[in-house]
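A predicted structure for the sequence below; I have some questions about it.
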Amino acid sequence: MLSLGAALGFTGALAPTGAAWSWAPSGSIAGTGAGVDPQWVWDDELDRIMANILDSKQVPAVNKAYGTWVNNNDPVPAGLPPELRAFLQQSTRLPSWADVTKLRRAADYNRRKDTYFFVIYGIGGGIMSTVIPREAKSVYWSQGGADMQDRAAKTFTFGYDQAELGGYEPNGQFLVTANKTRTVHAAVRHLLPQMPQWRAVADERVPISNHDILVTFHSTGTFAHKKLTEWGAAGSAADQEAFLHSWQVALHLLGVRDEYIPATWADAHAQSGQILTPILNPTYEGRELAEVLLGLTAQVDLGVTRGFLNEFVRYMLGDQVGDWLHLRRDYAAKALIRTAWPTYIGFREGTVRIMPVTYYMFDQFIRALAMAFLNKGKDGKTTPITVPDGNRPTGS
(Lines give C-alpha, C1' and ligand atoms only; values in the text may rest on other atoms or scores of the structure.)
Protein backbone atom coordinates (compact mmCIF):
# COMPACT_ATOMS: atom_id res chain seq x y z
CA MET A 1 0.00 0.00 0.00
CA LEU A 2 2.95 2.29 0.48
CA SER A 3 4.54 1.21 -2.80
CA LEU A 4 3.53 4.41 -4.55
CA GLY A 5 5.26 6.47 -1.89
CA ALA A 6 8.35 4.30 -2.20
CA ALA A 7 8.30 4.60 -5.98
CA LEU A 8 8.23 8.37 -5.69
CA GLY A 9 11.20 8.33 -3.36
CA PHE A 10 9.45 9.28 -0.11
CA THR A 11 11.45 8.09 2.85
CA GLY A 12 8.80 8.71 5.48
CA ALA A 13 5.09 9.28 5.05
CA LEU A 14 3.43 11.84 7.23
CA ALA A 15 1.01 10.48 9.80
CA PRO A 16 -2.63 10.93 8.74
CA THR A 17 -4.59 13.65 10.47
CA GLY A 18 -7.79 13.31 12.48
CA ALA A 19 -9.09 10.36 14.45
CA ALA A 20 -7.78 6.88 13.73
CA TRP A 21 -9.80 5.01 11.11
CA SER A 22 -12.43 2.93 12.89
CA TRP A 23 -15.25 2.58 10.35
CA ALA A 24 -16.07 -1.12 10.17
CA PRO A 25 -15.84 -2.85 6.76
CA SER A 26 -18.97 -4.78 7.74
CA GLY A 27 -20.84 -1.59 6.78
CA SER A 28 -19.45 -1.70 3.23
CA ILE A 29 -20.86 -3.23 0.06
CA ALA A 30 -18.15 -5.90 0.36
CA GLY A 31 -19.26 -6.69 3.91
CA THR A 32 -15.71 -7.47 4.91
CA GLY A 33 -12.18 -6.13 4.53
CA ALA A 34 -8.75 -5.73 6.06
CA GLY A 35 -9.73 -2.52 7.87
CA VAL A 36 -6.64 -0.69 6.60
CA ASP A 37 -6.95 3.09 6.87
CA PRO A 38 -7.89 4.33 3.35
CA GLN A 39 -5.54 7.29 3.83
CA TRP A 40 -2.80 4.82 2.89
CA VAL A 41 -4.59 3.37 -0.15
CA TRP A 42 -4.23 4.88 -3.63
CA ASP A 43 -4.47 3.35 -7.12
CA ASP A 44 -1.11 1.64 -7.45
CA GLU A 45 -1.25 0.13 -10.95
CA LEU A 46 -2.80 3.16 -12.63
CA ASP A 47 -0.55 5.54 -10.66
CA ARG A 48 2.52 3.76 -12.05
CA ILE A 49 1.13 3.86 -15.60
CA MET A 50 0.29 7.56 -15.46
CA ALA A 51 3.65 8.44 -13.89
CA ASN A 52 5.37 6.77 -16.85
CA ILE A 53 3.12 8.64 -19.30
CA LEU A 54 3.89 11.98 -17.66
CA ASP A 55 7.62 11.34 -17.45
CA SER A 56 7.75 10.29 -21.11
CA LYS A 57 5.77 13.36 -22.26
CA GLN A 58 2.87 11.33 -23.70
CA VAL A 59 0.06 13.45 -22.21
CA PRO A 60 -0.74 15.26 -25.49
CA ALA A 61 -1.22 11.90 -27.22
CA VAL A 62 -3.48 10.72 -24.40
CA ASN A 63 -5.65 13.84 -24.55
CA LYS A 64 -5.89 13.63 -28.33
CA ALA A 65 -7.09 10.03 -28.04
CA TYR A 66 -9.51 10.98 -25.24
CA GLY A 67 -11.18 13.41 -27.63
CA THR A 68 -12.56 10.51 -29.67
CA TRP A 69 -13.57 8.41 -26.66
CA VAL A 70 -16.97 9.58 -25.42
CA ASN A 71 -19.68 6.91 -25.16
CA ASN A 72 -19.52 3.82 -22.98
CA ASN A 73 -19.73 1.54 -26.01
CA ASP A 74 -16.90 3.32 -27.83
CA PRO A 75 -13.77 1.16 -28.05
CA VAL A 76 -10.87 2.32 -25.92
CA PRO A 77 -8.78 4.37 -28.39
CA ALA A 78 -5.91 2.59 -30.11
CA GLY A 79 -3.90 5.81 -29.88
CA LEU A 80 -3.41 5.47 -26.13
CA PRO A 81 -0.16 4.07 -24.71
CA PRO A 82 -0.54 0.25 -24.60
CA GLU A 83 -0.44 -0.13 -20.80
CA LEU A 84 -3.08 2.55 -20.26
CA ARG A 85 -5.26 1.13 -23.03
CA ALA A 86 -5.10 -2.35 -21.49
CA PHE A 87 -5.97 -0.96 -18.05
CA LEU A 88 -8.96 1.02 -19.35
CA GLN A 89 -10.28 -1.95 -21.31
CA GLN A 90 -10.67 -3.72 -17.96
CA SER A 91 -11.81 -0.80 -15.81
CA THR A 92 -14.38 0.79 -18.13
CA ARG A 93 -17.14 -1.63 -17.21
CA LEU A 94 -19.71 -2.01 -14.49
CA PRO A 95 -18.74 -4.05 -11.42
CA SER A 96 -20.38 -7.48 -11.13
CA TRP A 97 -22.61 -6.28 -8.26
CA ALA A 98 -24.05 -3.30 -10.17
CA ASP A 99 -27.85 -3.34 -10.49
CA VAL A 100 -28.94 -1.84 -13.82
CA THR A 101 -32.55 -1.49 -12.62
CA LYS A 102 -31.40 0.63 -9.67
CA LEU A 103 -29.13 2.70 -11.90
CA ARG A 104 -32.05 3.46 -14.21
CA ARG A 105 -34.18 4.44 -11.25
CA ALA A 106 -31.36 6.65 -9.96
CA ALA A 107 -31.18 8.43 -13.31
CA ASP A 108 -34.91 9.14 -13.19
CA TYR A 109 -34.50 10.31 -9.58
CA ASN A 110 -31.74 12.69 -10.64
CA ARG A 111 -33.99 14.01 -13.41
CA ARG A 112 -36.83 14.66 -10.96
CA LYS A 113 -34.57 16.25 -8.36
CA ASP A 114 -32.16 18.10 -10.67
CA THR A 115 -33.36 21.50 -9.47
CA TYR A 116 -32.26 20.68 -5.95
CA PHE A 117 -29.02 19.05 -7.03
CA PHE A 118 -27.82 22.16 -8.87
CA VAL A 119 -28.09 24.07 -5.58
CA ILE A 120 -26.82 21.29 -3.32
CA TYR A 121 -23.80 20.41 -5.45
CA GLY A 122 -23.01 23.96 -6.60
CA ILE A 123 -23.66 26.23 -3.64
CA GLY A 124 -23.42 23.49 -1.01
CA GLY A 125 -20.87 20.85 -1.92
CA GLY A 126 -18.88 23.11 -4.24
CA ILE A 127 -18.24 25.66 -1.52
CA MET A 128 -17.86 22.99 1.17
CA SER A 129 -14.91 21.66 -0.81
CA THR A 130 -13.10 24.92 -0.09
CA VAL A 131 -13.15 24.20 3.66
CA ILE A 132 -11.89 20.64 3.21
CA PRO A 133 -8.18 21.44 3.73
CA ARG A 134 -6.63 18.64 1.68
CA GLU A 135 -9.02 19.11 -1.22
CA ALA A 136 -8.64 22.88 -1.24
CA LYS A 137 -4.84 22.67 -1.24
CA SER A 138 -4.72 19.97 -3.90
CA VAL A 139 -7.13 21.80 -6.19
CA TYR A 140 -5.47 25.20 -5.70
CA TRP A 141 -1.93 24.03 -6.45
CA SER A 142 -2.89 21.72 -9.33
CA GLN A 143 -3.05 22.90 -12.92
CA GLY A 144 -6.84 23.22 -12.74
CA GLY A 145 -6.64 25.58 -9.78
CA ALA A 146 -5.38 28.36 -12.05
CA ASP A 147 -8.56 28.21 -14.17
CA MET A 148 -11.40 27.46 -11.78
CA GLN A 149 -14.13 27.99 -14.34
CA ASP A 150 -12.67 25.22 -16.49
CA ARG A 151 -12.03 23.10 -13.39
CA ALA A 152 -15.61 23.58 -12.17
CA ALA A 153 -16.96 22.83 -15.64
CA LYS A 154 -15.09 19.51 -15.71
CA THR A 155 -16.44 18.65 -12.27
CA PHE A 156 -19.90 19.51 -13.58
CA THR A 157 -19.28 17.13 -16.51
CA PHE A 158 -18.68 14.27 -14.06
CA GLY A 159 -21.95 14.99 -12.23
CA TYR A 160 -23.90 15.62 -15.43
CA ASP A 161 -22.82 12.35 -17.05
CA GLN A 162 -23.47 10.41 -13.84
CA ALA A 163 -27.02 11.78 -13.53
CA GLU A 164 -27.90 11.55 -17.23
CA LEU A 165 -30.65 9.13 -18.26
CA GLY A 166 -28.82 6.01 -19.41
CA GLY A 167 -25.50 7.35 -18.15
CA TYR A 168 -24.31 3.89 -17.09
CA GLU A 169 -25.62 2.12 -20.20
CA PRO A 170 -23.90 1.51 -23.55
CA ASN A 171 -25.06 4.75 -25.16
CA GLY A 172 -24.32 6.77 -22.02
CA GLN A 173 -21.03 8.41 -21.15
CA PHE A 174 -20.40 8.01 -17.43
CA LEU A 175 -18.23 4.88 -17.52
CA VAL A 176 -15.85 6.76 -19.83
CA THR A 177 -16.06 10.02 -17.86
CA ALA A 178 -15.37 8.26 -14.55
CA ASN A 179 -12.32 6.49 -15.97
CA LYS A 180 -10.96 9.67 -17.51
CA THR A 181 -11.37 11.30 -14.08
CA ARG A 182 -9.57 8.36 -12.49
CA THR A 183 -6.58 8.89 -14.79
CA VAL A 184 -6.58 12.61 -13.95
CA HIS A 185 -6.40 11.71 -10.24
CA ALA A 186 -3.45 9.42 -10.93
CA ALA A 187 -1.68 12.17 -12.87
CA VAL A 188 -2.19 14.66 -10.04
CA ARG A 189 -0.82 12.12 -7.56
CA HIS A 190 2.41 12.12 -9.57
CA LEU A 191 2.56 15.86 -10.24
CA LEU A 192 1.69 17.55 -6.97
CA PRO A 193 4.41 15.89 -4.84
CA GLN A 194 6.94 17.51 -7.20
CA MET A 195 5.67 21.01 -6.33
CA PRO A 196 7.42 22.75 -3.39
CA GLN A 197 4.44 25.05 -2.75
CA TRP A 198 2.08 22.11 -2.29
CA ARG A 199 4.55 20.16 -0.16
CA ALA A 200 4.97 23.20 2.10
CA VAL A 201 1.27 23.25 3.07
CA ALA A 202 0.14 19.63 2.65
CA ASP A 203 -0.21 17.18 5.53
CA GLU A 204 0.03 14.21 3.15
CA ARG A 205 2.81 13.12 0.84
CA VAL A 206 0.56 11.72 -1.89
CA PRO A 207 -2.85 13.33 -2.56
CA ILE A 208 -6.21 11.84 -3.54
CA SER A 209 -6.14 8.64 -1.51
CA ASN A 210 -9.21 6.44 -1.20
CA HIS A 211 -9.91 8.42 1.98
CA ASP A 212 -9.82 11.73 0.11
CA ILE A 213 -12.21 10.44 -2.58
CA LEU A 214 -14.60 9.24 0.11
CA VAL A 215 -14.50 12.68 1.75
CA THR A 216 -15.48 14.26 -1.57
CA PHE A 217 -18.34 11.76 -1.91
CA HIS A 218 -19.64 12.76 1.50
CA SER A 219 -19.45 16.47 0.64
CA THR A 220 -21.61 15.78 -2.43
CA GLY A 221 -23.71 12.59 -2.37
CA THR A 222 -24.10 12.16 1.38
CA PHE A 223 -24.59 15.90 1.84
CA ALA A 224 -27.28 15.84 -0.88
CA HIS A 225 -29.10 13.00 0.87
CA LYS A 226 -28.94 14.90 4.16
CA LYS A 227 -30.32 18.11 2.66
CA LEU A 228 -33.08 16.41 0.68
CA THR A 229 -34.14 14.61 3.85
CA GLU A 230 -34.15 17.86 5.83
CA TRP A 231 -36.27 19.51 3.12
CA GLY A 232 -38.75 16.65 2.97
CA ALA A 233 -37.79 15.99 -0.63
CA ALA A 234 -35.78 12.75 -0.40
CA GLY A 235 -38.48 10.61 -2.01
CA SER A 236 -39.28 6.95 -1.41
CA ALA A 237 -36.95 4.45 0.22
CA ALA A 238 -36.47 2.80 -3.18
CA ASP A 239 -35.51 6.15 -4.73
CA GLN A 240 -32.98 6.83 -1.99
CA GLU A 241 -31.50 3.35 -2.30
CA ALA A 242 -31.13 3.77 -6.06
CA PHE A 243 -29.48 7.18 -5.61
CA LEU A 244 -26.94 5.64 -3.23
CA HIS A 245 -26.33 2.77 -5.65
CA SER A 246 -25.36 5.18 -8.43
CA TRP A 247 -22.76 6.66 -6.07
CA GLN A 248 -21.54 3.22 -4.98
CA VAL A 249 -20.84 2.33 -8.61
CA ALA A 250 -19.24 5.75 -9.22
CA LEU A 251 -16.87 5.28 -6.27
CA HIS A 252 -15.88 1.83 -7.54
CA LEU A 253 -15.18 3.27 -11.00
CA LEU A 254 -12.94 5.91 -9.39
CA GLY A 255 -10.80 3.19 -7.84
CA VAL A 256 -12.18 3.14 -4.29
CA ARG A 257 -12.00 -0.34 -2.82
CA ASP A 258 -15.36 -1.99 -2.20
CA GLU A 259 -14.52 -2.47 1.50
CA TYR A 260 -14.73 1.32 1.96
CA ILE A 261 -17.93 1.97 -0.02
CA PRO A 262 -20.91 2.31 2.35
CA ALA A 263 -23.68 -0.26 1.93
CA THR A 264 -26.53 1.93 3.22
CA TRP A 265 -27.21 5.61 3.82
CA ALA A 266 -26.91 4.95 7.55
CA ASP A 267 -23.42 3.56 6.94
CA ALA A 268 -22.59 6.54 4.70
CA HIS A 269 -23.66 9.10 7.29
CA ALA A 270 -21.69 7.25 9.98
CA GLN A 271 -18.59 7.28 7.80
CA SER A 272 -19.11 10.95 6.94
CA GLY A 273 -19.34 11.80 10.64
CA GLN A 274 -15.91 10.28 11.13
CA ILE A 275 -13.95 11.51 8.09
CA LEU A 276 -15.67 14.69 6.84
CA THR A 277 -17.30 16.66 9.64
CA PRO A 278 -14.25 16.78 11.97
CA ILE A 279 -11.80 17.96 9.30
CA LEU A 280 -13.62 21.05 7.99
CA ASN A 281 -11.40 24.09 8.46
CA PRO A 282 -10.41 27.28 6.62
CA THR A 283 -7.18 27.62 4.65
CA TYR A 284 -5.66 30.35 2.53
CA GLU A 285 -6.16 28.20 -0.55
CA GLY A 286 -9.77 27.49 0.32
CA ARG A 287 -10.66 31.15 0.81
CA GLU A 288 -9.10 32.00 -2.54
CA LEU A 289 -11.01 29.22 -4.31
CA ALA A 290 -14.32 30.14 -2.66
CA GLU A 291 -13.96 33.74 -3.75
CA VAL A 292 -13.21 32.67 -7.32
CA LEU A 293 -16.15 30.24 -7.43
CA LEU A 294 -18.63 32.74 -6.03
CA GLY A 295 -17.23 35.38 -8.36
CA LEU A 296 -17.74 33.09 -11.36
CA THR A 297 -21.31 32.46 -10.31
CA ALA A 298 -21.94 36.18 -9.89
CA GLN A 299 -20.71 36.81 -13.46
CA VAL A 300 -23.72 34.94 -14.81
CA ASP A 301 -26.98 36.91 -14.90
CA LEU A 302 -28.57 35.20 -11.92
CA GLY A 303 -30.91 38.04 -11.11
CA VAL A 304 -29.57 38.04 -7.54
CA THR A 305 -26.88 39.95 -5.67
CA ARG A 306 -23.57 38.71 -4.31
CA GLY A 307 -25.09 39.18 -0.87
CA PHE A 308 -27.80 36.68 -1.84
CA LEU A 309 -25.12 34.16 -2.88
CA ASN A 310 -23.24 34.69 0.39
CA GLU A 311 -26.40 34.11 2.42
CA PHE A 312 -27.33 31.02 0.42
CA VAL A 313 -23.92 29.56 1.29
CA ARG A 314 -24.56 30.34 4.94
CA TYR A 315 -28.04 28.81 4.70
CA MET A 316 -26.62 25.60 3.21
CA LEU A 317 -23.42 25.26 5.24
CA GLY A 318 -23.90 27.35 8.37
CA ASP A 319 -22.53 30.63 9.68
CA GLN A 320 -19.25 29.12 10.85
CA VAL A 321 -18.31 28.23 7.27
CA GLY A 322 -19.54 31.65 6.11
CA ASP A 323 -17.32 33.33 8.71
CA TRP A 324 -14.32 31.16 7.77
CA LEU A 325 -14.72 32.29 4.15
CA HIS A 326 -15.24 35.95 5.16
CA LEU A 327 -18.63 36.12 3.42
CA ARG A 328 -20.18 39.51 4.06
CA ARG A 329 -23.67 39.51 5.57
CA ASP A 330 -26.85 40.56 3.79
CA TYR A 331 -29.60 40.30 6.37
CA ALA A 332 -32.40 41.14 3.92
CA ALA A 333 -31.29 38.25 1.69
CA LYS A 334 -30.99 36.03 4.76
CA ALA A 335 -34.60 36.71 5.74
CA LEU A 336 -35.82 36.11 2.20
CA ILE A 337 -33.99 32.79 1.80
CA ARG A 338 -34.95 31.38 5.18
CA THR A 339 -38.64 32.11 4.65
CA ALA A 340 -39.07 31.74 0.88
CA TRP A 341 -36.87 28.72 0.09
CA PRO A 342 -38.88 26.27 2.25
CA THR A 343 -42.06 27.53 0.56
CA TYR A 344 -40.46 27.04 -2.85
CA ILE A 345 -39.57 23.46 -1.88
CA GLY A 346 -43.07 22.89 -0.53
CA PHE A 347 -44.68 24.01 -3.79
CA ARG A 348 -42.42 21.79 -5.87
CA GLU A 349 -43.11 18.84 -3.57
CA GLY A 350 -46.86 19.47 -3.56
CA THR A 351 -47.24 20.35 0.12
CA VAL A 352 -47.90 24.03 -0.67
CA ARG A 353 -50.77 24.54 -3.10
CA ILE A 354 -50.28 28.19 -4.06
CA MET A 355 -47.23 29.15 -6.10
CA PRO A 356 -45.06 31.51 -4.02
CA VAL A 357 -44.27 34.91 -5.50
CA THR A 358 -40.56 34.05 -5.25
CA TYR A 359 -40.93 30.88 -7.36
CA TYR A 360 -39.71 32.44 -10.61
CA MET A 361 -36.71 34.08 -8.91
CA PHE A 362 -35.51 30.79 -7.41
CA ASP A 363 -36.21 28.87 -10.62
CA GLN A 364 -34.15 31.28 -12.72
CA PHE A 365 -31.40 31.33 -10.10
CA ILE A 366 -31.09 27.54 -10.27
CA ARG A 367 -31.14 27.41 -14.07
CA ALA A 368 -28.41 30.04 -14.25
CA LEU A 369 -26.32 28.12 -11.70
CA ALA A 370 -26.37 25.13 -14.02
CA MET A 371 -25.30 27.19 -17.03
CA ALA A 372 -22.55 28.95 -15.07
CA PHE A 373 -20.38 25.84 -15.31
CA LEU A 374 -21.88 23.98 -18.26
CA ASN A 375 -19.03 24.53 -20.73
CA LYS A 376 -18.66 28.08 -19.37
CA GLY A 377 -22.31 28.73 -20.20
CA LYS A 378 -21.66 28.92 -23.96
CA ASP A 379 -23.25 26.19 -26.01
CA GLY A 380 -24.97 23.74 -23.69
CA LYS A 381 -22.27 21.05 -24.00
CA THR A 382 -20.21 19.66 -21.20
CA THR A 383 -16.47 20.34 -20.98
CA PRO A 384 -14.13 17.48 -22.03
CA ILE A 385 -12.01 15.96 -19.26
CA THR A 386 -8.29 16.02 -20.05
CA VAL A 387 -5.14 14.88 -18.26
CA PRO A 388 -2.95 17.69 -16.84
CA ASP A 389 0.73 17.83 -17.75
CA GLY A 390 1.86 20.11 -14.92
CA ASN A 391 0.90 21.90 -11.74
CA ARG A 392 -0.38 25.43 -11.13
CA PRO A 393 1.87 27.86 -13.01
CA THR A 394 3.96 29.86 -10.58
CA GLY A 395 2.77 33.41 -10.18
CA SER A 396 -0.82 32.60 -11.21
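Perfect, thanks for sending it.

was I right about Arg287 contacting Asp323?
No: here Arg287 does not reach Asp323: they are 11.3 Å apart, not a contact under C-beta atoms under 8 Å. In this view, the C-beta of every residue, glycine as well, is placed from N, C-alpha and C.

quick one: average pLDDT of stretch 35-54?
The average pLDDT within stretch 35-54 is 97.

can you pull the buried residues of it?
37-43, 46-51, 53-54 (16 or more other C-beta atoms under 10 Å).

okay, among those residues, which ones form the most distant pair?
Asp37 and Ile53 (28.5 Å; C-beta to C-beta).

out of the buried residues of stretch 35-54, which are inside helices?
Within these, residues falling in helices by DSSP state H are 46-51, 53-54.

which one among those gets closest to Glu135?
When those are compared against Glu135 (criterion: C-beta to C-beta), the nearest one is Asp47, at 18.5 Å.

wait, doesn't that closest one sit right on Ala187?
No: if you go by C-beta under 8 Å, Asp47 and Ala187 don't touch, sitting 9.0 Å apart.

which residues sit in contact with Ala61?
79-81 (C-beta atoms under 8 Å, 6 or more residues apart in numbering).

nearest to Val59, of these?
Pro81 (10.2 Å).

give me the number of residues near His211?
As a burial measure, His211 scores 21 neighbours (other C-beta atoms under 10 Å).

by contact count, what packs against the one helix or strand it maps to?
His211 is located in helix 210-217, with elements delineated by DSSP states H and E. With contacts defined as 3 or more C-beta pairs under 8 Å, 6 or more residues apart in numbering; DSSP states H and E, helix 210-217 has these neighbours: helix 133-141, helix 237-253, helix 265-275.

using JSON lines, lay out the ones you listed together with mean neighbour count and mean pLDDT.
Listed next are these as JSON lines, based on neighbours: other C-beta atoms under 10 Å; pLDDT from 0 to 100:
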{"stretch": "helix 133-141", "mean neighbour count": "23", "mean pLDDT": "97"}
{"stretch": "helix 237-253", "mean neighbour count": "20", "mean pLDDT": "98"}
{"stretch": "helix 265-275", "mean neighbour count": "18", "mean pLDDT": "97"}
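
out of those, which is closest to Ser209?
Closest among the helices and strands packed on helix 210-217, using C-beta to C-beta: helix 133-141, at 9.0 Å.

just want the angle from that closest one to helix 210-217.
Angle of helix 133-141 versus helix 210-217, following axes from the mean of the first three to the mean of the last three C-alpha atoms, to 10 degrees, is 90 degrees.

if we can go back for a sec, let me know the closest of the contacts of Ala61 to Ser129.
Comparing the contacts of Ala61 against Ser129 with C-beta to C-beta places Leu80 closest, at 29.9 Å.

contact partners for the closest one?
Contacts of Leu80 (C-beta under 8 Å, 6+ apart): 61-62, 65, 88.

out of the residues you listed, which are buried?
Buried by 16+ other C-beta under 10 Å: 62, 65, 88, out of the contacts of Leu80.

closest to Asn73 out of those?
For these, the nearest to Asn73 is Leu88 (13.8 Å; C-beta to C-beta).

spit out the contact partners of the closest one.
Here Leu88 is in contact with 76, 80, 179, 183 (criterion: C-beta under 8 Å, 6+ apart).

how near is it to Thr351?
Taking C-beta to C-beta, to the nearest Å as the measure, Leu88 falls 47 Å from Thr351.

next: Gly27.
Distance, Gly27 to Thr351, by C-beta to C-beta: 33 Å.

which one's more surrounded, those two?
Legend: neighbour count by other C-beta under 10 Å for Gly27 and Thr351, higher for Gly27 (20 against 12).

and the more buried one, what does it touch?
So Gly27 contacts 262-264, 267, 270-271 (C-beta under 8 Å, 6+ apart).

give me that answer again for 7 Å
Counting by C-beta atoms under 7 Å, 6 or more residues apart in numbering, Gly27 makes contact with 262-263, 267, 270.

what does Asn71 give?
Counting by C-beta under 7 Å, 6+ apart, the residues that Asn71 touches are 171, 173, 176.

among these, name the ones in helices.
Val176.

from the contacts of Asn71, pick the one nearest Asp319.
Nearest to Asp319 among the contacts of Asn71, with distances taken as C-beta to C-beta, is Gln173, at 39.0 Å.

I'd guessed that closest one sits against Asp161; true?
Yes: with contact defined as C-beta atoms under 7 Å, Gln173 counts as touching Asp161 (4.6 Å).

next, show the common contact partners of the two.
Gly167.

which regions of the stretch 151-300 of the chain lie under the pLDDT threshold?
Within the stretch 151-300 of the chain, the segments meeting pLDDT under 70 span 297-300.

what about the most far-flung residue of the chain relative to its centre, which SS state?
Ranked by distance from the centre of the chain (C-alpha atoms, centre = their mean), the top residue is Ile354, with 35.7 Å. Secondary structure assignment for Ile354 (DSSP: H, G, I helix; E, B strand; the rest coil): coil.

right, I'll call it a day here.
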